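Undergrad: With the sequence up front, the predicted model follows.
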Amino acid sequence: MGNSVAYPVHRTTDPAEAYAKARLLCGLLARRYEEVRVGAELSTVADVRRMVALLPDAVYEYTEMRTHPENGECLYFERDVRTATDAELAVEVPLDFTYTELPAAVAEEDFVRAVLGEPERG
């Protein structure tokens with residue numbers, strides 16, 4: 001158990017540039033673990049579909065807290081993104097998925113390609 005603090009070392013709106021900078025910084029680490037934790041904010045149904053195709057068991061949650069309109073209770077995202085229709089997902093986005101361990105069979109580049117909306121390698 002421990003406490004973590006994150007400090008921004010690079011800001012950009014370009015995902016490819018962010019990935020390149022992250023790779024550069026990882027190259028400076030004395031020790032690097034085999035598994036990588038990933039996360040992203042998914043703004044569209046297409047974004048969610050790409051992530052589900054790559055990481056079907058990821059945990060999804062609302063990007064911002066939502067409350068019930070009548071009683072004000074906190075709402076949690078409970079849909080199964082693997083079986084939800086596009087129409088059902090359209091009212092739920094944006095969604096986050098975080099702290100998912102990237103399996104060894106999934107290359108980091110495949111994850112970046114899915115975030116960028118690029119087609120899978122054939």
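TA: Cool, the structure landed.
Undergrad: Tell me which residues of the longest helix belonging to the chain come out buried.
TA: Criterion DSSP state H: the longest helix present in the chain is helix 15-27. For helix 15-27, the neighbour count (16 or more other CB atoms under 10 Å) marks residue 19 as buried. All C-beta atoms are positioned from the backbone trio N, CA, C, and that covers glycine.
Undergrad: So what touches that helix?
TA: If you take CB atoms under 8 Å, 6 or more residues apart in numbering as the criterion, helix 15-27 is touched by 9-10, 12, 32, 108, 112, 115-116.
Undergrad: Going by distance to residue 66, which of these wins?
TA: residue 115 (23.5 Å; CB to CB).
Undergrad: Please report the distance of the closest one from residue 107.
TA: Distance, residue 115 to residue 107, using CB to CB, to the nearest Å: 13 Å.
Undergrad: more neighbours, those two?
TA: A count of neighbours by other CB atoms under 10 Å puts residue 115 above the other of residue 115 and residue 107, at 21 against 12.
Undergrad: quick one: contacts for that one?
TA: Contacts of residue 115 (CB under 8 Å, 6+ apart): 15, 40, 47.
Undergrad: For it, grab phi and psi.
TA: Backbone torsions for residue 115, taken as degrees, to the nearest 10, come to phi -60, psi -40.
Undergrad: That one and residue 85, how far apart?
TA: With CB to CB as the criterion, residue 115 and residue 85 are 23 Å apart.
Undergrad: One more: residue 110?
TA: 25 Å.
Undergrad: Number of residues surrounding residue 41?
TA: Other residues near residue 41 number 13, with proximity taken as other CB under 10 Å.
Undergrad: Check which helices and strands the helix or strand containing it is in contact with.
TA: Per DSSP states H and E, residue 41 falls inside strand 36-42. Helices and strands touching strand 36-42, by 3 or more CB pairs under 8 Å, 6 or more residues apart in numbering; DSSP states H and E, are helix 45-54, strand 95-102, helix 108-116.
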